[in-house]
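In: 3D model of this:
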Amino acid sequence: MKNTAVTFREAKGQDKLVMLTAYDYSTARVMDMAGVDALLVGDSLGMVMLGYPDTLSVTMDDMVRHCAAVARGAQKALVVCDMPYMSYHVSVEETVRNAARLMTEGRAQAVKLEGGAEFVAEVRALTRASIPVMGHLGLTPQSINAFGGFKVQGKSMAAAQKLLDDARVLQDAGAFALVLECVPAALAERVTQALAIPVIGIGAGAGCDGQVLVWQDMTGMTQSHLPRFVKRFGDVGASLRAAVEAYSREVRAGAFPAEDHVYPLPDGMEKTLKKLK
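Out: Below you'll find the predicted structure:
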């Protein structure tokens, strides 16, 4: 059965929810077959797919194209697509218009946006337009310049209270789920217990209703320094490099392609090839 925003929300308190990022058809198809509950087409694609230093340069066209590819590979998983930087900051009308593109052209089933009480009007408008919304609090990468870098959030009582208040406001505005990023585990658990909607953690401890990671981080594809909250569950990067090196060796040695990898001519035709002009 296809996962939806409704089934995702109903899983609160029943099952731990498994979410991973995905940015293309082939990867989405593998993850879908592996049984993940949701695929997040994150604006993190700017860093792991396009080579940008942050997420700020990602465009709506980028998100639409990658989301459509993921949606074609996801038969069961819920497909959630990030609204990129400045796609929901200008006006409510522009927010709805941009989110509608992700739903119609990108075939997303829900959108995710960063920020709390300051975006309540946008969340309400999207909900009225029948566009499911996932919130995102804590470390919000689109605000990296305002934060002064990638830093743990909610480390003071005032910050913790604001985070909890923002979470409640987003829930009341109609968000069906919430991502908490880089938040102390005890605070994330408190927020999770206070909400009726699922809270998905990334660097927020095991007390959340589920977890999400960037797939390149958890499979060894990322070569740069990893955040503390990342665990590597495989080494796809090493396997891919080994395969490329083996391919390169055989090509340079003339060992590939071998007889098994070529198409023969029909009987008797080989002698006539010299007649080709």
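In: When you work out contacts or count neighbours from here on, use the C-alpha atoms and nothing else.
Out: Will do.
In: now the helices for the stretch 51-200 of the chain?
Out: 60-73, 92-104, 120-128, 144-147, 157-173, 185-194 (DSSP state H, counting those that start in this stretch).
In: could the ones you listed be laid out in a markdown table, adding mean pLDDT?
Out: Below are the helices of the stretch 51-200 of the chain laid out as a markdown table (pLDDT from 0 to 100):
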| stretch | mean pLDDT |
| --- | --- |
| helix 60-73 | 98 |
| helix 92-104 | 98 |
| helix 120-128 | 98 |
| helix 144-147 | 74 |
| helix 157-173 | 97 |
| helix 185-194 | 98 |
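In: out of these, deepest packed?
Out: Each of the helices of the stretch 51-200 of the chain was scored by mean neighbour count; the highest is helix 60-73, a mean of 22, by mean count of other CA atoms under 10 Å.
In: Show me how the record splits the chain into domains.
Out: 5-235, 239-275 (automatic domain parsing).
In: Of these, flag the one that's most buried.
Out: domain 5-235 (a mean of 19).
In: now the end-to-end length of it.
Out: Chord length of domain 5-235, first to last residue, is 32 Å (CA to CA, to the nearest Å).
In: distance of residue 235 from residue 173?
Out: 41 Å.
In: ditto for residue 20
Out: On the measure of CA to CA, residue 20 and residue 173 end up 25 Å apart.
In: What of residue 216?
Out: Residue 216 is 33 Å from residue 173, by CA to CA.
In: Repeat that for residue 146.
Out: Residue 146 is 25 Å from residue 173, by CA to CA.
In: for residue 227, same thing?
Out: For residue 227, the distance to residue 173 - CA to CA - is 31 Å.
In: and if you look at residue 162?
Out: Counting by CA to CA - residue 162 and residue 173 are separated by 16 Å.
In: repeat for residue 5
Out: Distance, residue 5 to residue 173, by CA to CA: 15 Å.
In: Does residue 17 have any beta-bridge partners, and if so which?
Out: On the basis of DSSP bridges, residue 17 is bridged to residue 210.
In: That one touches residue 208, doesn't it?
Out: No - using CA atoms under 8 Å, residue 17 is not in contact with residue 208, being 9.2 Å away.
In: list residues touching both of the two?
Out: residue 200 (CA atoms under 8 Å, 6 or more residues apart in numbering).
In: Next up, phi/psi of residue 19, please.
Out: Torsion angles at residue 19 (phi, psi; degrees, to the nearest 10) stand at phi -130, psi 140.
In: going forward, begin numbering at 465 instead of 1
Out: In the new count, where the first residue is 465, that last one comes out as residue 483.
In: That one contacts residue 501, doesn't it?
Out: Yes - judged on CA under 8 Å, residue 483 makes contact with residue 501 at a distance of 5.9 Å.
In: still on that earlier bit, could you dump the helices of the stretch 515-664 of the chain to CSV with distance to residue 738?
Out: Output for these, formatted as CSV (distance: least, CA to CA, whole Å):
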stretch, distance to residue 738
helix 524-537, 47
helix 556-568, 56
helix 584-592, 69
helix 608-611, 67
helix 621-637, 75
helix 649-658, 75
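In: Of all those helices, which one is nearest residue 713?
Out: helix 524-537 (32.9 Å; CA to CA).
In: From the chain's centroid, how far away is that closest one?
Out: From the chain centre to the centre of helix 524-537 is a distance of 11 Å (CA atoms, centre = their mean, to the nearest Å).
In: Repeat that for stretch 667-676.
Out: Offset of stretch 667-676 from its chain centre (CA atoms, centre = their mean): 15 Å.
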